[in-house]
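Asks: Okay, here's the prediction I keep looking at, along with the sequence it came from:
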Amino acid sequence: MSLQLNKRSILKYTAQVGSLTFLSRILGIIRDTLVIRFFGIGAISDAFLTAFRIPNSLRHIFAEGALSASVIPAFVKSVKNNDREESNGLMTLSFLFFEGTVLLLCAIVLFKTELIMKFIAPGFSAEQNAYAIPFLRMLFPLLLLISGSSLFAGALQSVNHFFVPAFGTPLWNLIYIATLILCIMFKLPSTVLCGGIILGAFISFLLHLYMYYSFGFAFGHITTRSWSAFKTVLSKFFPCLLGVGIVEINIFVSGIFASFLPKGSISLLYLGQRFMNLPLGMFAVALSSILLPHFSRVVLYAPKRLNFYILEATKFVSWVIIPIVLFLMFCSENIFITFLGSQATPENIFQAKWILIFYLSGLLFLCLNRVLLNVFYAMKDTTATSIAAGASAVINIIGDIVGIYFFGAYGIAIANTIAGLSLTLLCFYFLHTRHQFYFYSGNYFNFLGRYIAQLSFAACCFMMIYAATMHHFLALPLYQFISTGLGYWLLVPPLGLACMIAVFLTRRAFVVDLYFLNK
């Protein structure tokens, strides 16, 4: 069986992973709604979300980010060579090293929790620290289970099995939500909630382990070949920490600065990030997960073919993300009216709306970065990504400091957008200067101009139908239901979906050419 992917396979696996990731993000929004219901908006919610953010951010940076980016190319190579002994030995070494490292981190967090909290939330009050420290001690072992699952996921993705790695997070969220519902219904303590979070990660770990063995992998003897492969993984892992995890690193650093903002600001920033991450995870993370093993094979067979894939992936990401950004911006106020309910004041709604809008302004760049960084990792170039990600992190820190001073919580979202744009520009710069790739900007901007014209026509149709509907209900008792209640979500998302379907069907009329959608 050939493991090489064609464009239909890429779309199929992207849809599979994307749908499961979308499910996970929707479950995540439901989960966060229940967290707000459970804790409210204030010192306790800030403390819980900060404590949860630490293992969760490390999950994206360490486990699902750098670990996948460094391990998958090594597994792809051993599978291509049909060397299962090397693969099994590589897993043994990787599991011992990375799980041992995480176990050491867990011990440090357990015994030095107060010091760690002072570092990650220096602006926290004594009350907030009193809540956050026990949460952090209970939740940090989550990383141990997730990093193990990510190692098994890397092996599974090397043989084009993407379902279980994508299904693990929705499964975890379902158990998380079930625990939250029990805690709310029976007024159980927060320790029960933390236990449910760990249980969900453990069940996901067992599922990954089972599938790992089902595909003929195992833990094997450490050979000279597996040592050589592991050294390659290790040499790429640490530079990948900065590159793949740059979004999470920037958010993590922003959280440190946010601890000095008024109580509740961390919760509102977290919610903005969650809704921004909905399309980021649903599409960009899914697409980049599929393309990384594919790029790794293209590098082995026809490296110059990456020129074409960079252009078409950029066009495809733009085609998907731009209308999603516009739609979420349009719905931003209603999102938080529905999401926060009676837990929020009108000021909270206003702040959350504009935080989300500022985050969404940089979403296209964040999505492109996921794909572009994987091009570098497929070529085993971690130097360029380290320089680019380091520069982006510095820009983000400066932006946080300046942004908080002038704009408060909004400044953090603005800094995130500027850092994402800088990383995109640096990635394209290094692809050209270090690897002689050409972006064919004329082709891209020709596509973008046509697409913007098409979207402008679709947006005008959307606004006319929406305005006519609102005008029709203006004098009726149902107006509140339609404008800010459940009726809004029965009207607006189907209308947005209908417009996007029309955009898809009329793309040839506007000469919007996309490789991944052409037959």
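Replies: That came through fine. Numbers count the residues shown, from 1 in each chain.
Asks: ranges for the helices of the stretch 251-400 of the chain?
Replies: 265-279, 286-301, 306-340, 346-360, 363-378, 383-407 (DSSP state H, counting those that start in this stretch).
Asks: ugh, wrong one, I meant the stretch 401-519 of the chain
Replies: Under DSSP H, counting those that start in this stretch, the stretch 401-519 of the chain gives helices at 409-435, 441-473, 479-483, 486-505.
Asks: now the end-to-end length of stretch 469-488.
Replies: Length of stretch 469-488, first residue to last, Cα to Cα, to the nearest Å: 11 Å.
Asks: CA atoms of stretch 254-274 as PDB?
Replies: Extracted as PDB, the C-alpha positions of stretch 254-274 are listed here (Å, rounded to 0.1, in the frame of the first residue of the first chain):
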ATOM      1  CA  SER A 254       0.700  37.400  27.400                       C
ATOM      2  CA  GLY A 255      -0.900  35.600  30.300                       C
ATOM      3  CA  ILE A 256       2.000  36.700  32.600                       C
ATOM      4  CA  PHE A 257       1.400  40.300  31.700                       C
ATOM      5  CA  ALA A 258      -2.400  39.800  31.900                       C
ATOM      6  CA  SER A 259      -2.100  38.900  35.600                       C
ATOM      7  CA  PHE A 260      -1.600  42.600  36.300                       C
ATOM      8  CA  LEU A 261      -4.900  43.500  34.700                       C
ATOM      9  CA  PRO A 262      -8.200  43.800  36.700                       C
ATOM     10  CA  LYS A 263      -9.800  40.600  37.900                       C
ATOM     11  CA  GLY A 264     -11.800  38.800  35.200                       C
ATOM     12  CA  SER A 265      -9.500  40.000  32.400                       C
ATOM     13  CA  ILE A 266      -7.700  36.700  32.100                       C
ATOM     14  CA  SER A 267     -11.100  34.900  31.700                       C
ATOM     15  CA  LEU A 268     -12.200  37.300  28.900                       C
ATOM     16  CA  LEU A 269      -8.800  36.900  27.100                       C
ATOM     17  CA  TYR A 270      -9.100  33.200  27.500                       C
ATOM     18  CA  LEU A 271     -12.600  33.200  25.900                       C
ATOM     19  CA  GLY A 272     -11.400  35.300  23.000                       C
ATOM     20  CA  GLN A 273      -8.500  32.800  22.400                       C
ATOM     21  CA  ARG A 274     -11.000  29.900  22.600                       C
END
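Asks: Could you list the low-pLDDT ranges of the stretch 251-400 of the chain?
Replies: For the stretch 251-400 of the chain, the stretches flagged by pLDDT under 70 are 285-286, 289, 292.
Asks: contact partners of the helix or strand of the chain with the lowest mean pLDDT?
Replies: Ranked by mean pLDDT, DSSP states H and E, the weakest helix or strand in the chain is helix 286-301, scoring a mean of 72. Applying Cβ atoms under 8 Å, 6 or more residues apart in numbering, the contact partners of helix 286-301 are 3-5, 10, 13-14, 17-18, 21, 68-69, 72-73, 76-77, 80, 157-158, 160, 162, 165-166, 305-306, 309, 313, 316-317, 370-371, 373-375, 377-379. In this view, the C-beta of every residue, glycine as well, is placed from N, C-alpha and C.
Asks: Show the buried residues in those.
Replies: The neighbour count (16 or more other Cβ atoms under 10 Å) marks 5, 10, 13-14, 17-18, 21, 68-69, 72-73, 76-77, 157-158, 160, 162, 165-166, 306, 309, 313, 316-317, 370-371, 373-375, 377-379 as buried among the contacts of helix 286-301.
Asks: out of everything not next to it in sequence, what's closest to the residue nearest the centre of the chain?
Replies: Central residue of the chain (Cα atoms, centre = their mean): Gly281, 4.3 Å from the mean position. Nearest non-adjacent residue to Gly281, counting by Cβ to Cβ, 6 or more residues apart in numbering: Thr21, 4.7 Å away.
Asks: Can you pull out the low-pLDDT segments for the chain?
Replies: Residues of the chain that meet the criterion pLDDT under 70 lie in 1-8, 10-11, 14, 60-66, 69, 239-247, 285-286, 289, 292, 519.
Asks: Spell out which residues make up each domain of it.
Replies: Structural domains annotated on the chain: 7-439, 441-519, as defined by automatic domain parsing.
Asks: my read: Thr385 touches Leu373, true?
Replies: Yes. If you go by Cβ atoms under 8 Å, Thr385 and Leu373 touch, sitting 5.6 Å apart.
Asks: Would you check how far apart Met464 and Val492 are?
Replies: For Met464, the distance to Val492 equals 14 Å [Cβ to Cβ, to the nearest Å].
Asks: Tell me which of the helices of the stretch 251-400 of the chain sits nearest to Tyr131.
Replies: Tyr131 sits nearest to helix 265-279 of all these, at 12.3 Å, using Cβ to Cβ.
Asks: Which strands or helices does the closest one pack on?
Replies: For helix 265-279, the packing partners by 3 or more Cβ pairs under 8 Å, 6 or more residues apart in numbering; DSSP states H and E come out as helix 7-39, helix 43-58, helix 246-258, helix 306-340, helix 346-360, helix 363-378, helix 409-435.
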